[in-house]
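Chemist: Need the 3D shape of this:
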Amino acid sequence: MLIIPIKDGENIDRALKRYKRKFDKTGTVRQLRARTAFIKPSVTNRMKIQKAAYIQNMKDSLES
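Modeler: Predicted structure coming up:
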C-alpha cells in the first residue's frame with residue numbers, strides 16, 4: 001500500500017503526481033503484465049543474458 005503524506009496547503013495535483021511517480025517506481029503494473037502469460041525459463045534466461053551483454057557493451061563503449 002502506498003502512502004503519500006500531503007502537506008498543509010499542498011496542491012492535490014502535485015500530490016497526485018508524486019503518487020503516480022511512486023507507483024511507477026514500484027513496478028506493479030509491469031509485474032501484473034508479466035504474469036498474464038507464461039514465459040519459459042529458457043526464454044527468461046536468454047533475455048537475462050542479452051540484457052547483461054547489452055549493459056556490458058554500453059559500459060565498454062563509455063570506457064573507450
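Chemist: how close does residue 31 sit to residue 10?
Modeler: Using Cβ to Cβ, to the nearest Å, residue 31 is found at 30 Å from residue 10. In short, each C-beta sits where N, CA and C put it, glycine included.
Chemist: quick one: the residue nearest the centre of the chain from residue 35, how far?
Modeler: By Cα atoms, centre = their mean, the mean C-alpha position of the chain lies nearest to residue 27, the distance being 4.6 Å. Relative to residue 35, residue 27 is positioned 12 Å away (Cβ to Cβ).
Chemist: Look through the protein and tell me its longest helix.
Modeler: helix 41-63 (DSSP state H).
Chemist: and that one, what other elements does it pack with?
Modeler: Taking 3 or more Cβ pairs under 8 Å, 6 or more residues apart in numbering; DSSP states H and E as contact, there are no helices or strands that helix 41-63 lies on.
Chemist: now what about it, what contacts it?
Modeler: Taking contacts as Cβ atoms under 8 Å, 6 or more residues apart in numbering, no residue outside helix 41-63 touches it.
Chemist: Keeping just the C-alphas, turn that helix into PDB.
Modeler: Extracted in PDB, the C-alpha atoms of helix 41-63 (Å, rounded to 0.1, in the frame of the first residue of the first chain):
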ATOM      1  CA  PRO A  41      12.600 -20.400 -18.100                       C
ATOM      2  CA  SER A  42      14.900 -20.800 -21.000                       C
ATOM      3  CA  VAL A  43      13.500 -17.700 -22.600                       C
ATOM      4  CA  THR A  44      13.900 -15.800 -19.300                       C
ATOM      5  CA  ASN A  45      17.500 -16.900 -19.100                       C
ATOM      6  CA  ARG A  46      18.100 -15.800 -22.700                       C
ATOM      7  CA  MET A  47      16.600 -12.400 -22.000                       C
ATOM      8  CA  LYS A  48      18.800 -12.000 -18.900                       C
ATOM      9  CA  ILE A  49      21.900 -12.900 -20.800                       C
ATOM     10  CA  GLN A  50      21.000 -10.500 -23.600                       C
ATOM     11  CA  LYS A  51      20.400  -7.700 -21.100                       C
ATOM     12  CA  ALA A  52      23.800  -8.300 -19.400                       C
ATOM     13  CA  ALA A  53      25.600  -8.300 -22.800                       C
ATOM     14  CA  TYR A  54      23.900  -5.000 -23.700                       C
ATOM     15  CA  ILE A  55      24.800  -3.400 -20.400                       C
ATOM     16  CA  GLN A  56      28.400  -4.600 -20.800                       C
ATOM     17  CA  ASN A  57      28.600  -3.200 -24.300                       C
ATOM     18  CA  MET A  58      27.400   0.200 -23.000                       C
ATOM     19  CA  LYS A  59      30.000   0.200 -20.300                       C
ATOM     20  CA  ASP A  60      32.700  -0.800 -22.700                       C
ATOM     21  CA  SER A  61      31.800   1.900 -25.200                       C
ATOM     22  CA  LEU A  62      31.800   4.600 -22.400                       C
ATOM     23  CA  GLU A  63      35.300   3.500 -21.200                       C
END
